[in-house]
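> Would you be able to build a 3D model of this:
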Amino acid sequence: MKYKNKIYLLIMFFVFTACEVKWNMDIEFNEDYSGNYKISILLDQNAQSYALETGQASAIGGLDAILADLPEGYGSSIYQENDFLGILIRNEFENTTELNEQLQILNNNENTSLLLLPVKEINFAESDRSFSVSGIFEEIFVSDEVSEEAYKNLFDGKLTLIVPGDIVEPQLENIVENTIIFEIEGTSEKTFELISNKSNLFNPVNILSAFALLSMIYIFVRQYKKNN
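Okay, here's the model as predicted:
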């Protein structure tokens with residue numbers, strides 16, 4: 001990832017000031033693989049106090065620079081979640097090619113690249129039968145520099161994906177509203193993968209639904225003929 005030194009310094013700030021940061025990225029795909037996404041970075045009260053004590057312009061400190069450097073077309077706002085305060089950015093895309101281009105633009109800027117801090121790589125692939133999202137989460141805490149014990153409760157990262165079709169990977173018993181959440185520890189590189197098969201017109205559910213509908217139509221027509 002570019003701008004590694006700046007990112008490393010940011011992480012060391014959270015380690016040695018015992019502050020906590022929350023990072024969330026939510027991507028929702030429609031049936032045609034257009035969609036929208038949101039990215040938020042939130043700081044706890046310790047980080048907010050430290051920013052003000054060190055003379056920064058606001059309680060979100062350097063996150064202001066991210067908002068200032070956002071490309072045209074992005075929505076953004078100051079965002080609060082309980083005691084956490086930070087930023088939320090959002091955008092829409094027509095297809096996965098446009099999504100890739102937008103993420104690359106963010107990653108090419110020193111400040112906006114921090115929005116993708118935990119994501120080392122992310123790829124989208126689609127075919128007539130399936131759709132997949134895969135990639136690598138970054139090792140953002142260097143374990144040979146500081147004890148892993150120091151990283152506990154410092155970083156809470158989640159990538160949430162909502163996709164069409166039938167999710168076959170990861171294999172989970174209960175998948176609610178076609179949503180998969182990948183949690184990010186940050187202490188080592190970690191791969192992730194989601195695979196969704198496009199709905200089959202002739203799957204059992206569709207066949208039963210069609211049979212029920214045709215039966216209702218048959219009964220209605222038969223009853224109508226009897227009455228007339």
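
> now the helices for this structure?
For the chain, the helices defined by DSSP state H cover 4-16, 45-53, 63-68, 96-107, 204-227.

> shaky segments in the protein?
For the chain, residues meeting the criterion pLDDT under 70 lie at 1-18, 55, 142-153, 199-215, 218-228.

> Strands of that one, start to end?
21-29, 35-43, 75-81, 84-93, 119-126, 130-137, 155-162, 166-169, 179-184, 190-197 (DSSP state E).

> count of residues packed around Phe131?
Using other CB atoms under 10 Å, Phe131 has 20 other residues around it. Any C-beta I mention is one placed from the backbone N, CA and C, and that applies to glycine too.

> ok, it - contacts?
Taking CB atoms under 8 Å, 6 or more residues apart in numbering, we find Phe131 in contact with 29, 33, 124-125, 163-165, 195-196, 198.

> List only those of those residues flagged as buried.
In the contacts of Phe131, burial by neighbour count holds for 29, 33, 124, 163-165, 195-196, counting by 16 or more other CB atoms under 10 Å.

> if we can go back for a sec, may I see the contacts of Phe131 organised as JSON lines, with distance to Gly73 added?
JSON lines is the format used below for the contacts of Phe131 (distance: CB to CB, whole Å):
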{"residue": "Phe29", "distance to Gly73": "19"}
{"residue": "Tyr33", "distance to Gly73": "19"}
{"residue": "Phe124", "distance to Gly73": "19"}
{"residue": "Ala125", "distance to Gly73": "25"}
{"residue": "Val163", "distance to Gly73": "23"}
{"residue": "Pro164", "distance to Gly73": "24"}
{"residue": "Gly165", "distance to Gly73": "28"}
{"residue": "Ile195", "distance to Gly73": "30"}
{"residue": "Ser196", "distance to Gly73": "27"}
{"residue": "Lys198", "distance to Gly73": "29"}
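
> Mind listing what's buried along stretch 65-77?
For stretch 65-77, by 16+ other CB under 10 Å, it's 66-67, 70, 74.

> what's the closest of the strands of the chain to Glu53?
strand 35-43 (13.4 Å; CB to CB).

> Within its sheet, name the partner strands of that closest one and how each one runs.
Strand 35-43 has the following strand partners under DSSP bridges: strand 21-29 (antiparallel), strand 84-93 (antiparallel).

> which residues touch the nearest residue to Asn123 once chain neighbours are set aside?
Distance criterion CB to CB, 6 or more residues apart in numbering; nearest residue to Asn123, sequence neighbours excluded, is Ser134 at 5.3 Å. By CB under 8 Å, 6+ apart, the contact set of Ser134 is 122-123, 125, 191-194.
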